[in-house]
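Engineer: model the structure of this input:
(one chain, ligands or ions: 1)
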Amino acid sequence: MTFQGHPAEAAPSPTSGRPTAARAHLFHQGTVDSYRHLLGAAVDRVAHRVADVDRPFSGVTPARLAPEVDRVDLDRPLTDPAAALDELESVYLRDAVWFHHPRYLAHLNCPVVIPALLGEAVLSAVNSSLDTWDQSAGGTLIERRLINWTADRIGLGPTADGVFTSGGTQSNLQAMLLAREEALAAAVARPREDLLPRLRILTSEAGHFSVQKSAKLLGLARNAVIPVETCPDRRMRTAALAHEIARCRRDGQIVMAVVATAGTTDFGTIDPLPAIADLCRAAGVWLHIDAAYGCGLLVSPTRRHLLAGIEQADSVTVDYHKSFFQPVSSSALLVRDRAVLRHATYHADYLNPERMAEQHIPNQVGKSLQTTRRFDALKLWLTLRIMGPDTVGTLFDEVLDLAADAWRLLTADPRFEVVTRSQLSTVVFRYLPTEHHLADDANLYAREALAASGAALVAGTKVDGAHYLKFTLLNPETTVDDIAHVLDLVADHASRYVRTKTAAETAVPPAGVAAQPCHVG
Ligand SMILES: Cc1ncc(COP(=O)(O)O)c(C=O)c1O
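Structural biologist: Below you'll find the model as predicted:
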């Protein structure tokens with residue numbers, strides 16, 4: 001592969017008229033042919049890989065891959081882009097984890113839709129930064145339209161606003177920042193230092209850990225996040241929430257926010273949003289709904305009702321990169337009252353002086369925790385313009401149907417036990433050997449052995465202290481047969497572990513010879 005505009009025949013720079021080797025790498029008028037050619041080559045590589053991979057993972061270990069990456073001398077460029085892409089095969093593409101593969105069943109990663117990939121290619125080449133109008137122009141307006149579109153789908157009302165973020169963690173952090181500032185502002189008569197240690201956040205035991213992380217970053221007390229008990233279906237117990245709100249009040253603590261989850265990471269369950277919203281309204285407490293996972297229901301042609309109550313939130317997290325089939329990153333924070341976004345606003349003379357706001361020049365930096373920010377919104381824009389919301393929602397519906405099938409399969413299979421039925425697309429289960437004391441290790445072993453083989457990837461989690469396995473189903477290409485096959489693989493690995501272990505436990509060592517520990521795998 002030759003690099004058009006390569007050192008020897010570098011294009012003259014439009015500014016100086018002098019050809020230079022370094023400038024041949026810049027994307028500009030003189031290098032558009034090189035851009036077309038190279039991107040085409042990269043797309044071809046990825047397309048070949050995607051067409052050829054027969055498993056979601058090669059099973060490579062860090063010990064095997066790290067030396068290959070370490071061997072690369074970053075101070076000695078290969079110069080030839082084809083050689084760099086060849087090298088990339090061995091340090092990345094060959095052993096990548098492929099979310100598009102039907103037997104990738106592990107974490108909250110979705111396969112991506114092609115219209116979003118078009119957006120990704122365009123946005124990184126144009127490289128708009130969404131902080132100020134003078135760095136993005138139309139990008140600012142497109143992001144605003146998508147924020148309004150999402151807020152309308154949620155039903156947040158006419159004063160709603162929001163901003164794209166890097167992910168659910170950042171959306172939750174910003175929501176907690178706004179809630180903290182509103183709580184502090186409400187208690188005007190007391191100094192901040194006195195109030196900060198008294199602030200509390202209530203979220204269910206199954207809520208996402210980013211809430212704890214946010215509390216730490218926001219300078220709250222160590223015990224600021226109070227886990228609220230869940231029912232056996234792993235949804236927040238509203239009586240327990242009411243009890244905690246009352247107890248906090250009695251103990252002189254200030255509940256700055258309740259975080260309800262619409263799609264818990266492990267169980268795919270949705271907290272009882274209408275009842276929680278009622279409690280928050282009655283107590284005058286900020287309600288944040290973490291719909292990072294469940295936001296796909298906003299476009300579901302059949303299941304939008306599962307989000308009933310979300311319209312009563314003060315703020316909502318949505319992760320398009322989980323259930324709208326968008327490439328990472330693509331997330332947003334929405335708020336009911338745009339005025340609260342001022343808590344993230346600073347004016348810098350060089351960037352967004354107050355004069356700009358007075359002139360009504362639309363800038364997004366005043367709403368964001370970030371300054372320079374990717375135009376991630378473009379991916380969703382092209383997705384909606386090419387596919388439309390119903391088509392995206394239909395894909396999400398398909399994985400929800402698949403999860404229901406997986407649940408049925410597992411509940412009918414005596415080799416396994418299942419925790420609770422998901423309202424979305426996870427299934428938490430475990431292999432149940434008759435030797436109950438080996439259940440934890442057998443499931444841990446099965447997960448690792450499966451990953452090492454690369455034949456399928458499943459996640460692991462703990463439920464009430466015990467080790468479980470988890471499917472997160474986000475790929476409409478996955479079939480019930482895939483799931484049945486993966487369950488057989490899990491059972492094979494786990495039962496092999498149990499057999500080896502019990503054989504070792506029952507073996508009578510010959511006289512004078514100590515029993516050897518059994519190392520499976
Ligand atoms: C419910 C929930 N909230 C927040 C997050 C964090 O999102 P992100 O990984 O995009 O930061 C996750 C991630 O899995 C999640 O499941």
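Engineer: so Asn223, which state does it fall into?
Structural biologist: Three-state call for Asn223 (DSSP: H, G, I helix; E, B strand; the rest coil): coil.
Engineer: how near is it to Asp251?
Structural biologist: From Asn223 over to Asp251 the distance is 11 Å, taken as C-beta to C-beta, to the nearest Å. Every residue, glycine included, has its C-beta placed from N, CA and C.
Engineer: then Ser34?
Structural biologist: 66 Å.
Engineer: which helices and strands does the lengthiest helix in the chain pack with?
Structural biologist: As assigned by DSSP state H, the longest helix anywhere in the chain is helix 480-506. The elements that helix 480-506 packs onto, with contact taken as 3 or more C-beta pairs under 8 Å, 6 or more residues apart in numbering; DSSP states H and E, are strand 104-105, helix 389-411, strand 426-431, helix 439-453, strand 466-472.
Engineer: among the ones you listed, which is nearest Val112?
Structural biologist: Proximity to Val112 (C-beta to C-beta) singles out helix 389-411 among the helices and strands packed on helix 480-506, at 11.1 Å.
Engineer: please work out the average pLDDT along the closest one.
Structural biologist: The average of the pLDDT scores along helix 389-411 is 98.
Engineer: right, and the helix or strand after it?
Structural biologist: Taking DSSP states H and E as the definition, the helix or strand that follows helix 389-411 towards the C-terminus is strand 416-418.
Engineer: now that following strand: mean pLDDT?
Structural biologist: What strand 416-418 shows for mean pLDDT is 97.
Engineer: who has more neighbours out of Ser34 and Asp251?
Structural biologist: Neighbours were counted for Ser34 and for Asp251 using other C-beta atoms under 10 Å; Ser34 has more, 20 against 9.
Engineer: would you agree that one falls within a strand?
Structural biologist: No: assigned with three-state DSSP, Ser34 falls outside any strand and is helix.
Engineer: is it in contact with Ala24, as I believe?
Structural biologist: Yes: judged on C-beta atoms under 8 Å, Ser34 makes contact with Ala24 at a distance of 7.3 Å.
Engineer: so which bits of the stretch 351-500 of the chain are right by the ligand?
Structural biologist: Contacts of the stretch 351-500 of the chain with the ligand, taken as C-beta under 6 Å from any ligand atom, are absent.
Engineer: tell me the residue of the stretch 351-500 of the chain that sits nearest the ligand?
Structural biologist: The ligand sits closest to Thr472 of the stretch 351-500 of the chain, with a gap of 9.0 Å, by C-beta to the nearest ligand atom.
Engineer: repeat that for the stretch 301-450 of the chain.
Structural biologist: Asp319 (5.0 Å).
Engineer: now that residue, which residues is it bridged with?
Structural biologist: Ser331 (DSSP bridges).
Engineer: I'd say it and Gly296 touch.
Structural biologist: No: if you go by C-beta under 8 Å, Asp319 and Gly296 don't touch, sitting 9.2 Å apart.
Engineer: run through who's touching stretch 473-482.
Structural biologist: Contacts with stretch 473-482, where a contact means C-beta atoms under 8 Å, 6 or more residues apart in numbering, come from 99-105, 108-111, 322-323, 395, 398-399, 402-403, 405-406, 409, 425-427, 456, 483.
Engineer: could you flag which of the residues you listed are buried?
Structural biologist: Neighbour-count burial (16 or more other C-beta atoms under 10 Å) is assigned, among the contacts of stretch 473-482, to 99, 101-105, 108-111, 322-323, 395, 398-399, 402-403, 406, 409, 425-427, 456, 483.
Engineer: quick revisit: quick check: mean pLDDT of the longest helix of the chain?
Structural biologist: On average, helix 480-506 scores 96.
Engineer: buried ones in it?
Structural biologist: 482-483, 486-487, 489-491, 493-494, 496-498, 501.
Engineer: nearest residue to Ser422 other than its sequence neighbours?
Structural biologist: Take Ser422 and drop its neighbours on the chain: the residue closest to it by C-beta to C-beta, 6 or more residues apart in numbering is Gly268, 3.3 Å away.
Engineer: which residues touch the one you found?
Structural biologist: Counted by C-beta under 8 Å, 6+ apart, Gly268 has contacts Tyr293, Ala403, Ser422, Gln423, Leu424, Ser425, Thr426.
Engineer: also Arg338?
Structural biologist: Thr159, Ala160, Asp161.
Engineer: let's go with 10 Å and repeat that
Structural biologist: Shown in contact with Arg338 (C-beta atoms under 10 Å, 6 or more residues apart in numbering): Ile147, Ala151, Leu156, Pro158, Thr159, Ala160, Asp161, Gly162, Lys367.
Engineer: what's the local residue count around the first one?
Structural biologist: Residues contacting Ile147 under the criterion other C-beta under 10 Å number 23.
Engineer: just give the nearest non-adjacent residue to it, would you?
Structural biologist: The shortest distance from Ile147 to any non-neighbouring residue, by C-beta to C-beta, 6+ apart, is to Gly162 (4.5 Å).
Engineer: give me the pLDDT for that neighbour.
Structural biologist: pLDDT for Gly162: 98.
Engineer: mind checking which helix or strand Lys213 is in?
Structural biologist: Secondary-structure assignment from DSSP H and E places Lys213 in helix 210-217.
Engineer: quick one: residues contacting the nearest residue to Gly309 once chain neighbours are set aside.
Structural biologist: Nearest in space to Gly309, with sequence neighbours left out and distances taken as C-beta to C-beta, 6+ apart, is Leu273 at 2.9 Å. By C-beta under 10 Å, 6+ apart, Leu273 lies in contact with 235-236, 260-262, 287, 289, 291, 294, 306-313.
Engineer: same check on Glu120?
Structural biologist: Neighbour list for Glu120: Val112, Gln326, Pro327, Val328, Ser330, Arg374, Phe375, Asp376, Leu378, Lys379, Leu382 [criterion: C-beta under 10 Å, 6+ apart].
Engineer: what's the next secondary structure element after the helix or strand containing it?
Structural biologist: Using DSSP H and E, Glu120 sits within helix 114-126. Sequence order places helix 133-136 as the next helix or strand after helix 114-126, per DSSP H and E.
Engineer: mind listing residues that contact that next one?
Structural biologist: 126-130, 139-143, 351-352, 356, 361-365, 372-373, 375, 377.
Engineer: mind doing that once more with 6 Å?
Structural biologist: Applying C-beta atoms under 6 Å, 6 or more residues apart in numbering, the external contacts of helix 133-136 come out as Ser128, Ser129, Leu130, Thr140, Ile361, Pro362, Asn363.
Engineer: the residue of the stretch 351-500 of the chain closest to the ligand: neighbouring residues, count only.
Structural biologist: By other C-beta under 10 Å, the residues close to Thr472 number 27.
Engineer: dig out what it forms beta bridges with.
Structural biologist: Following DSSP bridges, Thr472 is listed with bridge partners Thr426.
Engineer: tell me how far the helix or strand where Cys248 lies lies from the chain's centre.
Structural biologist: Here Cys248 is covered by helix 238-250, with elements defined by DSSP H and E. Here helix 238-250 shows a centroid-to-chain-centroid distance of 30 Å under the convention C-alpha atoms, centre = their mean, to the nearest Å.
Engineer: that helix: what's the following helix or strand?
Structural biologist: On the C-terminal side of helix 238-250, the closest following helix or strand by DSSP H and E is strand 254-261.
Engineer: who's in contact with the spatially most central residue of the chain?
Structural biologist: The chain has Lys322 as the residue nearest its centroid, 5.4 Å off, counting by C-alpha atoms, centre = their mean. Contact partners of Lys322, counting by C-beta under 6 Å, 6+ apart, are Leu108, Ala292, Tyr293.
Engineer: what about the ligand: which of those residues touch it?
Structural biologist: Filtering these for proximity to the ligand by C-beta under 6 Å from any ligand atom leaves Leu108, Ala292, Tyr293.
Engineer: what is the nearest of those residues to the ligand?
Structural biologist: Ala292 (3.5 Å).
Engineer: Thr317 is in contact with that closest one, correct?
Structural biologist: Yes: with contact defined as C-beta atoms under 6 Å, Ala292 reaches Thr317; the gap is 5.1 Å.
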